[in-house]
Structure formats: structure tokens, C-alpha cells
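Chemist: Using only what follows, build the 3D model:
(2 chains)
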Amino acid sequence: MRRILCFFMLWALLLCCLPAARGEALTEEQLLSYYDGCVFVGDSITRQLRVYILEKQKTDPGFMKNTKFLVTQSYFLYTASLKNLRKDANNLIYRGTEMPLCRILGEMKPKRALILLGVNDYIGEQIEKGIGYCERIIDRAAEFSPDTQIIFESLTPVTERFCRRKDYRTMWDQYNAALEEMCARRGVGYVDIATPLKDEEGYLRKEYSSDGKYHLKDKGLQLWLDTLADYARQQYEQGLWTPDEGGKNE
Amino acid sequence: MKKMKCLLALCALALLLAGCQGGKETAKERLPLADAAGAVLKDRDSLVNIPEEDLYDLIGIEPEDYTEVLYLASENGLSAREAIVLRARDADAAKRIADALNAYLGHRMDETRNYLPEEYKILSQAKVEEKNNTVALITGENAAEEARALLAGE
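Modeler: This is a model prediction of the structure:
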């Protein structure tokens, strides 16, 4: 009788653990806890994501409340790669002072830094330089905050209207491909937020665009969050992260 | 002698209670900032609450410098619309807060100058206001009237 009881208890234990091992049992809240103690770095596009999260906090006060944002309108990828302040351009502010990204990371020591920059640089027109700036960001972060994991997000796609004068779609796609390749080579994270936002022709879907260019409406921002949750799920499934992992670096 | 001591102790207690009571009355005179904002800011429902940590992380205002805060921003990430109101602990703290808010306003103007000219125009008309150690930075189309109305109750 005891043996049978033990057998059933073992089965029950296995059944409880199995869905978690596959990642299916993780809720959105658990998945997004991947971004606790993390900082999102960006320009007006990332600022929109931040405001969208704050809007969600109106009904769910705990929603991504441990995630920080470092955003400045018209912030350049090039500026973010510098060790010192760029005087003729917009810089990030931290505790009331303009500072270069690497030094802010050194102060904050976030668990992860997710970076979406390059739109203001028109980086699709200078891919090699852009990848160089990204590599410089990786190097500077390693110098100032060695435990911070760097994750680059792809550029958002562009609308068909925005591409009438120039084929930015192709250029931005090429940049994203080069960025993904570099991230794999350097062993840093890459989140493809572009693909889910695209239509069949590879443009930003009209229903996701707020300005006919590359800024996003709430629907698009939600899709961005869904993509971030998917990325966290992948990390979990690959055994690289568990939801009970702490927020900040020690 | 004992009676004298008891009398003195009672007097001290009475004074203490009177002091506490007085403090309560003073606190009652001012509405909580959230309520005051609800009455003054017509678009209150469409504004989002910015986390209080941002006051320090972003603007550099020390938590010890204020007793109450209201920090709201537009739900449109590209808009200049913001309302930041703080009740400072004392006059020195109010000065530090005003300085930090002025620097922040300067930063916001810089970031929009060549990028969002309409928002820049709104920001360039804004100013940090202060009354009785309450400091406000309100940006938006009716910012001046809103600031006046909010500070009137201070």
C-alpha cells in the first residue's frame, strides 16, 4: 500500500513540474519579470513603450514596476557609444545631470540593458558604422558595468509611406540582419521586435503606426511587449533564466 | 511637592496634545496634491503617474527634500505635457527642488528644440513656480493658469 502511495505521489510531483519545465506554465507576469532590475535605453520610440507601461499600471500597479527607462528624444546610437558627453546633441540625464550611457550604467549597474537606437542616425544608410557603435557600447558597458548583460532590440519597421523617397525598409532590414549577426558573434542578446510588426511586404502595418513613419500605436506597443515576453520564454526554455532569479546585480 | 509635579506633568501633557491638535488643523487646510490636481487639471484622466523614483533617478530630487509629490505626464510619449508638484520640507529644500526642475526643463527644451518644434514652444513658455515651499513645474497649453490654481491652495 505504501509503495502504491509513493508511486502516486511521485507521479503527482512529476505532473506539477512538467509544464513548468516546458515553459508553458509561465504567466505573462512571470515572463516579464525577466525585465526586473533592467533598463531600457532609447529615444522617442522607447519613451512610447515606457508611457504605455505606465498606462497599464493604472489598472495593474505592479506591471513591470521594477523596470527602468533611460530615454531622450532624438537620442543617437553614436551618442550612446561615446565615453564622454556629446556637446552638440541630446544626451541622457541621470540624477539631474547629463551623462554618457556607459557612465550611467556604471552607476545603475542594471541586470540587463536593452538598447533600441539608430533611427535618429539613419543607421540603415551606414550599417558598418552602426555596428561599430553597437560594439563600442558593448565594450564600454563591459568596462563600466561588467555584470550588465547587453541586449539589442532590432529597429522597428517603417511604413510604406515613409519609404516613398528612399527604400528604408531594405536598409533597416539589412541593418537588423547585421545587428543580429554581430550580437551572435559577440555573445550578447538580440530581440527581433520588427518581424511581428510587419505586413506581408515587410512594412510596418498601418494599424500599428502612430505617425506614418516608425512610431507605434498602443496595439504595436502591446505586440512589442508580447515579443519581449517571448524572448524571456526562450531564455527560460534554454535554461538561461528562471523567474525566481533576483533583480539587480549584487 | 508631589501635587506640584503632577500639575506640571499635566500641563506638559495638555500643551503636547494642543500642539498635536494644532498640527492636524494645519494639515487639513491643504488638499492632498492628487485631489488638488484632479480639480485643476482638466485632462487628469488621460495623464499617467510617473514613478516617484524618477524624481531622483532622472531629475535628481532627493526624497528627503519633500513631503508630498505629484508627478504626471501625457500618455502620448511625444508630448511635452507634464505636471510636477512637490511640497518641500523647508525653504532650502524648495530652492534645491526649484533648481533641479529648472535644469530638467532646460534638458527637455534641448531634446525637443530641433525635433518636436510644437512641443518645444510649449516647454519654452513653461516656468518653475513656487509658493510657501510648494514648487511646481507644469507644462502644457494652459500651464500658467493650472499652476496658479494649484498654488492658490498652498
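Chemist: Just want the residue of chain A that's nearest chain B.
Modeler: Nearest residue of chain A to chain B, counting by CB to the nearest CB: A:Gly96, 2.4 Å away. Just so you know, the C-beta spots here come from the backbone N, C-alpha and C atoms, and that holds for glycine as well.
Chemist: Leaving out chain neighbours, which residue sits closest to residue 91?
Modeler: Chain wasn't specified; assuming chain A. Nearest residue to A:Asn91, sequence neighbours excluded (CB to CB, 6 or more residues apart in numbering or on different chains): A:Glu98, at 4.2 Å.
Chemist: wait, chain B
Modeler: B:Asn133 (6.1 Å).
Chemist: how many neighbours does that neighbour have?
Modeler: By the criterion of other CB atoms under 10 Å in any protein chain shown, B:Asn133 has 19 neighbours.
Chemist: can you list the residues of chain B near chain A?
Modeler: B:48-51, B:56-61, B:73-78, B:100, B:103-104, B:107, B:110-112, B:114-116 (CB under 8 Å from any CB of the partner chain).
Chemist: Now, those that are in helices?
Modeler: B:100, B:103-104, B:107, B:110-112 (DSSP state H).
Chemist: what's near enough to touch the residue of chain A closest to chain B?
Modeler: Residues in contact with A:Gly96 (CB atoms under 8 Å, 6 or more residues apart in numbering or on different chains) are B:58-61, B:100, B:103-104.
Chemist: repeat that with 7 Å
Modeler: B:59-60, B:100, B:103-104 (CB atoms under 7 Å, 6 or more residues apart in numbering or on different chains).
Chemist: Show me where chain A has its helices.
Modeler: Under DSSP H, chain A gives helices at A:2-22, A:28-32, A:44-56, A:77-80, A:101-108, A:127-144, A:168-186, A:218-237.
Chemist: Which one, of the ones you listed, ends up nearest to B:Ala37?
Modeler: Among those, helix A:44-56 comes nearest to B:Ala37, with 16.0 Å by CB to CB.
Chemist: who's in contact with that closest one?
Modeler: A:40, A:63-64, A:69, A:71, A:73-74, A:116, A:119, A:156, A:214-216, A:218, A:221, A:224, B:48-50, B:75, B:77-78.
Chemist: and that helix, how far from the chain's centre?
Modeler: Offset of helix A:44-56 from its chain centre (CA atoms, centre = their mean, to the nearest Å): 13 Å.
Chemist: Can you pull out the low-pLDDT segments for chain A?
Modeler: Chain A contains residues with pLDDT under 70 at A:1-24, A:245-250.
Chemist: List, one by one, the residues from chain A near chain B.
Modeler: By the rule CB under 7 Å from any CB of the partner chain, the part of chain A lying against chain B is A:44, A:47-48, A:50-51, A:54-55, A:58, A:68, A:72-74, A:90, A:93-97.
Chemist: Please pick the buried ones from those.
Modeler: Taking 16 or more other CB atoms under 10 Å in any protein chain shown as the criterion, what is buried in these is A:44, A:47-48, A:50-51, A:54-55, A:68, A:72-74, A:90, A:93-96.
Chemist: And B:Arg30, how far from B:Glu68?
Modeler: From B:Arg30 across to B:Glu68, the span is 9 Å (CB to CB, to the nearest Å).
Chemist: Equivalent analysis for A:Glu180, please.
Modeler: From A:Glu180 to B:Glu68 the distance is 47 Å (CB to CB).
Chemist: Over to B:Asp110?
Modeler: 29 Å.
Chemist: out of the two, which sits in the busier spot?
Modeler: B:Asp110 (20 against 13).
Chemist: list the contacts for the residue nearest the centre of chain B?
Modeler: Nearest to the mean C-alpha position of chain B, by CA atoms, centre = their mean, lies B:Leu86 at 1.8 Å. Residues near B:Leu86 by CB under 7 Å, 6+ apart: B:66, B:69, B:97, B:135.
Chemist: run the last query once more with 8 Å
Modeler: B:55, B:61, B:65-66, B:68-70, B:97, B:134-136.
Chemist: And for A:Gly202?
Modeler: So A:Gly202 contacts A:157, A:169, A:173 (CB under 8 Å, 6+ apart).
Chemist: picking that back up, could you list every residue that touches the residue nearest to B:Ala91?
Modeler: B:87-91, B:93-94.
Chemist: out of these, who's nearest A:Ile150?
Modeler: B:Ala93 (37.9 Å).
Chemist: so that closest one sits in a strand?
Modeler: No - assessed with DSSP: H, G, I helix; E, B strand; the rest coil, B:Ala93 is helix; it does not lie in a strand.
Chemist: neighbours around it, how many?
Modeler: Neighbours of B:Ala93 using other CB under 10 Å come to 20.
Chemist: Tell me how many other residues surround the closest residue to A:Gly220 other than its chain neighbours.
Modeler: Closest residue to A:Gly220 apart from its sequence neighbours, by CB to CB, 6+ apart: A:Tyr208 at 3.2 Å. Around A:Tyr208 there are 23 other residues, counting by other CB under 10 Å.
Chemist: just the one 10 residues further on next, same as before
Modeler: Around A:Asp218 sit 15 other residues, with neighbours defined as other CB under 10 Å.
Chemist: How about the one 3 residues further on?
Modeler: A total of 24 residues lie near A:Leu221 under the criterion other CB under 10 Å.
Chemist: Quick check: closest non-adjacent residue to it.
Modeler: A:Leu221's closest residue in space is A:Tyr52 (CB to CB, 6+ apart), at 4.2 Å.
Chemist: where along chain B do the strands fall?
Modeler: Assigned by DSSP state E, chain B shows strands spanning B:47-49, B:66-74, B:82-88, B:128-131, B:134-139.
Chemist: Quick check: which of the ones you listed is nearest to A:Gly239?
Modeler: Comparing these by CB to CB, strand B:47-49 comes nearest, at 36.7 Å.
Chemist: Could you tell me how far stretch A:131-144 lies from the centre of the chain?
Modeler: With CA atoms, centre = their mean as the basis, the mean position of stretch A:131-144 lies at 16 Å from the chain mean.
Chemist: Contacts for that stretch next, please.
Modeler: For stretch A:131-144, contacts defined as CB under 8 Å, 6+ apart pick out A:77-78, A:80-81, A:83, A:101-103, A:105-106, A:113, A:115, A:121, A:123, A:148, A:150, A:152, A:178-179, A:182, A:186, A:188.
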